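Got a sequence here, can you build the structure:
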Amino acid sequence: MENELTRVVNAIPGFVWSAAPDGSVDFLNQRWCDYTGVSLEDARGSGWQTAIHPDGAPRFLDDWRSLLESGEAGQFEARFRRFDGTFRWFLISAVPLRDEAGDLVRWYGQNTDIDDRKRAEALLAGEKRLLEMVAGGCSLTVVLEALCELVEDAASGSYCSVVLVDPSGTRLEHGAAPSLPVSFITSIIGRPVNVESGPCAMAAYLNEQVIAADLTIETRWESYTWCPMALAHGLQACWSTPISSTAGKVLGAFALYYDEPQRPTSVHQSLIEQFTHIASIAIERAQSHARLTRSEAFLAEAQHLSSTGSFAWRAATDEIAWSEQLYRIFEFDQGVPVTLELIGRRVHPEDAPMWHEMIDRARSDGRDVEYELRLQMPDHSVKYLHVVAHGARNQDGQLEYIGAVQDVTERRLSEAALDKVRSELAHVARVASLGALTASIAHEVNQPLSGIITNASTCLRMLAADPPNVAGARQTAQRTIRDGHRASDVIVRLRALFSKKDATTEAVDLNESTREVIALTWSELQRSRVVLRTELGDNLPPVTGDRVQLQQVILNLLLNAAEAMRGVDDRPRQLVIRTERDEGDRVRLTLQDAGVGFEPHGVDRLFEAFYTTKRGGMGIGLSVSRSIIESHHGRLWAVPNDGPGATFSFSIPCGAPDVMGAHNVRAIATPAVTEVEHVMRDE
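Presented below is the predicted three-dimensional model:
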């Protein structure tokens, strides 16, 4: 029976023991003896205590004495040495045996191997600590060093290192290696990422694990003499594993070194897989943070260079977040809480109503916002801002705006200066056209002046007759008045076209404006033997713009067409002027000539400033004309004809109904020009 009981006790998984009430051990099963290598005779009494790990012995003995004194069942942990010198953790469970009188007569216990559980708990705690370090923003070097130390604790006898791949993907960089010699690490850093530089470089290059179990017989990496260098530092085994990002990009290599030949077990491979994953998280987080930091720096610099700031506004609570650049634009002290009231103090008094209306509208409908606003600064200077904001509902359903504010003051001032220069240039272009119209002006003015002189002389003769021809003199005086009006009308048209004054916006009848320009150039066209055909559209809606500027464009295009046909003698010098409705609620004017035309590839240069195909030309007429049409939100273009000549057209929007009703189209008396063909010959 006793032998049978012994066999059962020895078959129990774990160490079974018994002790006297004072704690003197009198029995240990064979499993305990086999594990520790200590015989039962040597272990009796307190001899078993020699198997306890020396670092934990004092605490263990204190716990053991406390248990004996309490006389109650209990548990505690301790590390016991195996026969090969390895220590493992055990859970010690002890229960008291009492007699019928309640007196303690013996202790019975069992020691259960919990080393795997303890290691798993330690690894889990270490992994949690590492992830907390990553999430807490610890530097990558600190995180990787802590990781290496944790691995070295888990894989006894190992030396751990992490190398990184530089941003170019061609060189190794230092990550961490707390237990390896500095000289060894220095010799690795900077090596090229290829299959010849060493196991870490090879693993990173191939993106696969490289095992060098015995460096004394290893023949790889001879060209870089890596193995002799490692052996010189006392290292005889190296296992290198690539560290990859979630997208599969190699970030570096994780390596375990040993001072004796060794091949990884399944436990080692599990550890390697676990810690390369943590390393990839730490490296990716660090790189992402670095990119974000750079992006924030670039954004701040870009905002500063472009004078653009960003903001966030929560409409329900009026919480406002501002970028650093916005503080500069508004000239507020950095860090001062920004409120709508504070912003409103900077808004120009004339723009205040619009500002309040915009805020109210943004609160109510949540639509995107884009507007321009002026600020009046403390020194009474004025800033012009362009504001764009997008409204959206957050997860709580509250309306939030994210937007950007750009200081466009310099642009506005430049545009004002440019408008002034354009006005000057347009005036120069109009005056430059005066030379081509000199003969026409002389002809237009000479005819009524000659009539005035003739009629005045006739009137005097009639009055000097005896008796005076009063009726004839009256008719002659009326003709004199008529010719005077004719001369006055010519001067009025010329002064309107060549005067220097600010642009004015009004409703313009494009047909009427075209007729006035034709009347002004009538004599010039006659002398140039131009065959003019007008096809002015019926019921053409008015356009909104500056009448004089639009007439300048028509005049320039008309004179250019006449100039282009000046040397043509083998065909009629036909010029067609056409007005019509264009798509998109626009009006188009087209001039089609039969002149020399232009090469299709040179069409873009026609509208460049100071480019001209005419001898003695200034090269500003078409450039100014395009600028005028674009300022009217229109388009001016040219195409070569299928036959001889070219066609120039411009298209501008029709005027708004309220504008059309608010202005009357001005009319200037002109010679009749009908919608038929006119053949103009030298007089």
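
for the protein, what helix or strand is lowest in average pLDDT?
Across the helices and strands of the chain, mean pLDDT, DSSP states H and E gives its lowest value to strand 677-679, namely a mean of 36.

Neighbours of residue 586, how many?
17 (other C-beta atoms under 10 Å). (Glycine included, C-beta is placed from N, CA and C.)

Am I right that it is in contact with residue 650?
No: using C-beta atoms under 8 Å as the test, residue 586 is too far from residue 650 to be in contact (9.8 Å).

just checking, residue 376 touches residue 349?
Yes: Residue 376 is within contact range of residue 349, at 6.9 Å (criterion: C-beta under 8 Å).

So which of the two has more stuff around it?
Neighbours per residue (other C-beta under 10 Å) separate residue 376 from residue 349, with residue 376 holding more: 17 against 8.

Look up how far residue 632 lies from the closest residue to that one other than its chain neighbours.
Of all residues not flanking residue 376 in the chain, residue 348 sits nearest, at 4.6 Å (C-beta to C-beta, 6 or more residues apart in numbering). As judged by C-beta to C-beta, to the nearest Å, residue 348 and residue 632 stand 28 Å apart.

Same check on residue 646?
As judged by C-beta to C-beta, residue 646 and residue 632 stand 22 Å apart.

what about the residue nearest to residue 376, distance to residue 201?
Taking C-beta to C-beta, one finds residue 348 at 65 Å from residue 201.

next one: residue 109
From residue 109 to residue 201 the distance is 54 Å (C-beta to C-beta).

The two: which is more packed in?
Shown here are residue 109 and residue 201; by other C-beta under 10 Å, residue 201 has more neighbours (26 against 20).

Just the element for residue 644, please.
Counting by DSSP states H and E, there is no helix or strand that carries residue 644.

Now do the same contact list for it.
Neighbour list for residue 644: 568, 571, 594, 595, 596, 597 [criterion: C-beta atoms under 8 Å, 6 or more residues apart in numbering].

same check, this time on residue 134
143, 281, 282, 285.

Present these as a markdown table; the columns should include distance to residue 393.
Formatted as a markdown table, these follow (distance: C-beta to C-beta, whole Å):
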| residue | distance to residue 393 |
| --- | --- |
| 143 | 38 |
| 281 | 33 |
| 282 | 36 |
| 285 | 31 |
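
For residue 220, state which of the residues you listed is nearest.
residue 282 (29.1 Å; C-beta to C-beta).

And that closest one, which helix or strand is it part of?
helix 266-306.

Quick one: mean pLDDT over that helix.
Averaged across helix 266-306, pLDDT comes to 74.

so after it, what's the next helix or strand?
As assigned by DSSP H and E, the chain's next helix or strand after helix 266-306 is strand 308-314.

And that next one, what's buried?
In terms of neighbour count (16 or more other C-beta atoms under 10 Å), strand 308-314 has its buried residues at 308, 309, 310, 311, 313.

Between all of the residues you listed, which two are separated the most?
Most distant of the buried residues of strand 308-314, by C-beta to C-beta, are 308 and 313, 16.5 Å apart.

got the contact list for the residue nearest to residue 376?
373, 374, 375, 376, 382.

In ChimeraX, how would I select just the buried ones from those residues?
To isolate the buried members of the contacts of residue 348 in ChimeraX, using 16+ other C-beta under 10 Å:
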select :373,374,375,376
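
Could you pick out which of the contacts of residue 348 are located in strands?
Of the positions in the contacts of residue 348, 373, 374, 375, 376, 382 sit in strands, assigned by DSSP state E.

I'd say the last one and residue 375 touch.
Yes: because the distance of 6.9 Å satisfies C-beta under 8 Å, residue 382 is recorded as touching residue 375.

Show me which of the contacts of residue 134 are buried.
If you count burial by 16+ other C-beta under 10 Å, the buried members of these come out as 143, 281, 282, 285.

can you tell me which of the residues you listed lies nearest to residue 625?
Nearest to residue 625 out of the buried ones among the contacts of residue 134 is residue 285 (C-beta to C-beta; 60.5 Å).

Find the nearest non-adjacent residue to that closest one, please.
Nearest residue to residue 285, sequence neighbours excluded (C-beta to C-beta, 6+ apart): residue 134, at 5.2 Å.

Same question for residue 48.
Residue nearest to residue 48 in three dimensions, not counting chain neighbours: residue 25, with 5.4 Å by C-beta to C-beta, 6+ apart.

And residue 283, by the same measure?
Nearest non-adjacent residue to residue 283, counting by C-beta to C-beta, 6+ apart: residue 251, 4.6 Å away.

returning to that earlier point: now the residue nearest to residue 48, which residues is it bridged with?
Here residue 25 sits in beta bridges with residue 19, residue 45, going by DSSP bridges.

Thought residue 43 was touching it, still the case?
Yes: the pair residue 25 / residue 43 is scored as a contact, 6.5 Å apart, by C-beta under 8 Å.

Quick check: phi and psi at residue 24.
When read as degrees, to the nearest 10, the backbone of residue 24 gives phi -70, psi 120.

per-domain residue ranges of the protein.
Per the record, the chain has its domains at 2-113, 119-289, 305-407, 502-679, by automatic domain parsing.

could those domains be laid out in CSV, adding distance to residue 470?
As requested, these are exported to CSV (distance: least, C-beta to C-beta, whole Å):
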stretch, distance to residue 470
domain 2-113, 143
domain 119-289, 106
domain 305-407, 66
domain 502-679, 30
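
Out of the ones you listed, which gets nearest to residue 413?
Nearest to residue 413, of all the domains of the chain, is domain 305-407, at 8.3 Å by C-beta to C-beta.

Identify each buried residue in stretch 586-606, please.
Across stretch 586-606, burial judged by 16+ other C-beta under 10 Å covers 586-595, 597-598, 606.

Can you give the distance of stretch 265-284 from its chain's centre?
For stretch 265-284, the separation from the chain centroid amounts to 36 Å (computed by C-alpha atoms, centre = their mean, to the nearest Å).

Tell me the helices and strands packed up against the one helix or strand residue 62 maps to.
In the assignment (DSSP H and E), residue 62 maps to helix 57-70. Here helix 57-70 touches strand 74-81, going by 3 or more C-beta pairs under 8 Å, 6 or more residues apart in numbering; DSSP states H and E.

what about dumping the CA coordinates of the strand it packs on to PDB?
Output in PDB follows, covering the C-alpha atoms of strand 74-81 (Å, rounded to 0.1, in the frame of the first residue of the first chain):
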ATOM      1  CA  GLY A  74      -1.500  29.800   2.000                       C
ATOM      2  CA  GLN A  75       0.300  30.400  -1.300                       C
ATOM      3  CA  PHE A  76       3.400  32.200  -2.400                       C
ATOM      4  CA  GLU A  77       5.800  32.200  -5.400                       C
ATOM      5  CA  ALA A  78       9.500  31.500  -5.600                       C
ATOM      6  CA  ARG A  79      12.200  30.600  -8.200                       C
ATOM      7  CA  PHE A  80      13.900  27.100  -7.900                       C
ATOM      8  CA  ARG A  81      17.100  26.100  -9.500                       C
END
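
Appreciated, that's everything.
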